[in-house]
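give me a model of this one.
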Amino acid sequence: MIDIDHNRGQPLRDAADERVEIVSICLTDSERIEFQKAAERCGLSLYDWIRDRLSEAAKREAKEA
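Numbering: from 1, shown residues only. Reported below is the predicted structural model:
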């Protein structure tokens, strides 16, 4: 019999955190390259880097309002 470790793998996410909408943006080649390099320096995918930076900017602007 195989012992299965049910605690392995990606952690479960809260249903409220599920991504349900796609937002498209247009970037120039130079913007995409610049963002990709910044993401790589942080060890993130381009999409995670963009999401993180937009989230931080929104929080910052909400505090300033």
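
what's the longest helix along the chain packed up against?
For the chain, the helix with the greatest residue count under DSSP state H is helix 46-64. If you count contacts as 3 or more Cβ pairs under 8 Å, 6 or more residues apart in numbering; DSSP states H and E, helix 46-64 packs onto helix 29-42. To be clear about C-beta, it is placed using only N, CA and C from the backbone, and glycine gets the same treatment.

ok, residues contacting the longest helix of the chain?
32, 35-36, 38-39, 42, 44 (Cβ atoms under 8 Å, 6 or more residues apart in numbering).

farthest pair in those?
Taking Cβ to Cβ as the measure, those span a maximum distance of 15.8 Å, between 32 and 42.

buried ones among the contacts of helix 46-64?
Buried by 16 or more other Cβ atoms under 10 Å: 35, 39, out of the contacts of helix 46-64.

any idea how many residues pack against the nearest residue to residue 42 once chain neighbours are set aside?
Counting by Cβ to Cβ, 6 or more residues apart in numbering, residue 42 lies nearest to residue 49, which is 6.1 Å off, once chain neighbours are set aside. If you count neighbours by other Cβ atoms under 10 Å, residue 49 ends up with 19.

if we can go back for a sec, will you turn the contacts of helix 46-64 into a markdown table that also has distance to residue 62?
Output for the contacts of helix 46-64, formatted as a markdown table (distance: Cβ to Cβ, whole Å):
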| residue | distance to residue 62 |
| --- | --- |
| 32 | 27 |
| 35 | 23 |
| 36 | 28 |
| 38 | 23 |
| 39 | 24 |
| 42 | 23 |
| 44 | 23 |
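
dump the contacts of helix 46-64 into TSV; add distance to residue 64 and pLDDT as well.
Output for the contacts of helix 46-64, formatted as TSV (distance: Cβ to Cβ, whole Å; pLDDT from 0 to 100):
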residue	distance to residue 64	pLDDT
32	28	98
35	24	98
36	29	98
38	23	97
39	26	97
42	24	96
44	25	97
